[in-house]
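>>> below are the sequence and a predicted model; questions follow.
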Number of protein chains: 2
Amino acid sequence: MSGRIAVIGLGPGEARWLTPEAAGELAAAEAVYGYGPYLDRVPVRHGQARHASDNREELARAGAALAHAATGARVAMVSGGDPGVFAMAAAVIEAIEAGPAEWRALEVSVVPGITAMLMVAARAGAPLGHDFCAISLSDNLKPWELVERRLRLAAQAGFAMAFYNPVSKARPWQLDRAFEILREELPASVPVIFGHAAGRADERIATVPLAQARGAMADMATCIIIGTPATRIVAREGLPDLVYTPRRADAGGVERA
Amino acid sequence: MSGRIAVIGLGPGEARWLTPEAAGELAAAEAVYGYGPYLDRVPVRHGQARHASDNREELARAGAALAHAATGARVAMVSGGDPGVFAMAAAVIEAIEAGPAEWRALEVSVVPGITAMLMVAARAGAPLGHDFCAISLSDNLKPWELVERRLRLAAQAGFAMAFYNPVSKARPWQLDRAFEILREELPASVPVIFGHAAGRADERIATVPLAQARGAMADMATCIIIGTPATRIVAREGLPDLVYTPRRADAGGVERA
């Protein structure tokens, strides 16, 4: 009796972005683990145990879920968005590697979901329409110098960028510093999209030129997309702008070589 | 009567990864446009027109769908995966920008989907568990020199990487050249995941060290993920390996600074 753990992406928020696979795994689980606000999105099923934990306890949460699964149970671990993008899949596998041998015998299923940058991009148009990167701005798990270096290299490469974890109470200045670095590397006109709570009731999408981008425009529920020098804005009367990065490369990246 | 176009991501293949939003948009559309093999995945609905086109005719296909929507119709354009990632959303908006004024008055909805790299990552474990980038290896729409430059910068930044469009009949040597470049920039042991048709009946996932990666291991239906120097493989007796990139940064990117 080896047990099973499914690491499930809930997508951006509402049920219309929850895949049938994820819904099926949630319905079949005997117990669901996760950060409280994500757990609150999972429909309550009679007899299913729910274990909410704090945001910063990822490895402990993973360990508790794996220990439960190792009793032979079918356990679900939920993440917002996609579990493989700055979320629980890596933490669960890290815990398996470091944990008792029996955890390696568990059946592990990673269930993909719509990650925040895809939702924000869809709401804005197609700003990730060409080569792009995804960077967590949190320096909890890496030195801030590495974030700065990645920002410069990404700008020099001509990547569009998605920023996850752009700001928190413990990290108040990092996002403004990131914009400063990008202003040294990119034209002031590059569009910056602030996608707050995309796919939820309090969604707000706003686009400003890089010159005007400020850290105070974001909070913990924001995913930010930085365009490239080729990114374009199609204005429409009485309708939202469409922001897109053309499939044909501009020379922006090349000129900097 | 201004009409509506929904640009819809079908996800990796089977219906269990099609979101309820995408299913609803498909059911409501009067006409569906798309590349033939994607259109074949859409359930047939009586009275719904279907317009299949060839893979290389993206702008023409977008124009036909927009002209149809501008008659006041509700039109769907389908893409595999997510429409904003190397797919139809950017082509549709580009066509709107270049097209007649009435196309700007259309309601445009981009419906996100599970893109290939998320599916391949889920099948392998969590290889995109830290900062990463997505690069199209096609040089149809950008010079090959720009691809090479982005590969080097991405490796120097310590990004995991996802390669879309890795190979085609018209582009036989580019993928081997990409591996050559990466071997100059990264340790020979970095895991390379070949994800063929992930989420479909003929799915094959294989992981080899960068030293052994060859272009012949991929075809047009393959999405490739390149790990980082920190990416780890958890071997399991009688079960598939779990490949993951830890959330804590290694010093791989920094050491090269």
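Ah, there it is. Numbering: from 1, shown residues only, chains lettered A, B, ... in the order given.
>>> ok and the residue in the stretch 151-257 of chain A nearest chain B?
Using C-beta to the nearest C-beta, A:Ala249 is the residue of the stretch 151-257 of chain A that sits closest to chain B, at 3.3 Å. Every C-beta, even on glycine, is put in place using the N, C-alpha and C of the backbone.
>>> which residue ranges form the helices in the stretch 151-257 of chain A?
For the stretch 151-257 of chain A, applying DSSP state H, counting those that start in this stretch gives helices covering A:174-185, A:252-255.
>>> thinking again about what came up before, mind pulling up the pLDDT for the residue of the stretch 151-257 of chain A closest to chain B?
Note on A:Ala249: pLDDT of 70.
>>> ok, how many other residues are close to it?
Using other C-beta atoms under 10 Å in any protein chain shown, A:Ala249 has 22 neighbouring residues.
>>> skip the chain neighbours and tell me the closest residue to it.
Nearest non-adjacent residue to A:Ala249, counting by C-beta to C-beta, 6 or more residues apart in numbering or on different chains: B:Lys142, 3.3 Å away.
>>> just A:Ala62 next, same as before
A:Ala95 (3.9 Å).
>>> also A:Ala15?
Per C-beta to C-beta, 6+ apart, closest to A:Ala15 is B:Pro20, 6.6 Å.
>>> dump the residue contacts of the closest residue in space to A:Phe132 that isn't next to it in sequence.
Excluding the flanking residues, the one nearest A:Phe132 by C-beta to C-beta, 6+ apart is A:Ala160, at 3.9 Å. A:Ala160 is in contact with A:127-133, A:225-228, A:231, A:245, counting by C-beta atoms under 8 Å, 6 or more residues apart in numbering or on different chains.
>>> wasn't A:His130 part of a strand?
No. A:His130: not assigned to a strand; according to DSSP: H, G, I helix; E, B strand; the rest coil it is coil.
>>> before we move on, back to that, lowest mean pLDDT across the helices of the stretch 151-257 of chain A, which one is that?
For the helices of the stretch 151-257 of chain A, where the average pLDDT is lowest is helix A:252-255, sitting at a mean of 35.
>>> any idea which helix or strand comes after the helix or strand A:Val7 falls within?
Under the criterion of DSSP states H and E, A:Val7 resides in strand A:4-9. Downstream of strand A:4-9, the next assigned helix or strand under DSSP H and E is helix A:20-28.
>>> what's the angle from that next one to strand A:4-9?
130 degrees (axes from the mean of the first three to the mean of the last three C-alpha atoms, to 10 degrees).
>>> for the helix or strand following helix A:20-28, name the packing helices and strands.
Per DSSP H and E, the first helix or strand lying C-terminal to helix A:20-28 is strand A:31-35. Here strand A:31-35 touches strand A:49-53, helix A:58-69, strand A:74-79, going by 3 or more C-beta pairs under 8 Å, 6 or more residues apart in numbering or on different chains; DSSP states H and E.
>>> pick the most buried one from those.
strand A:74-79 (a mean of 26; mean count of other C-beta atoms under 10 Å in any protein chain shown).
>>> how about that one, does it reach chain B?
No. Strand A:74-79 stays clear of chain B (C-beta under 8 Å from any C-beta of the partner chain), getting no nearer than 10.7 Å.
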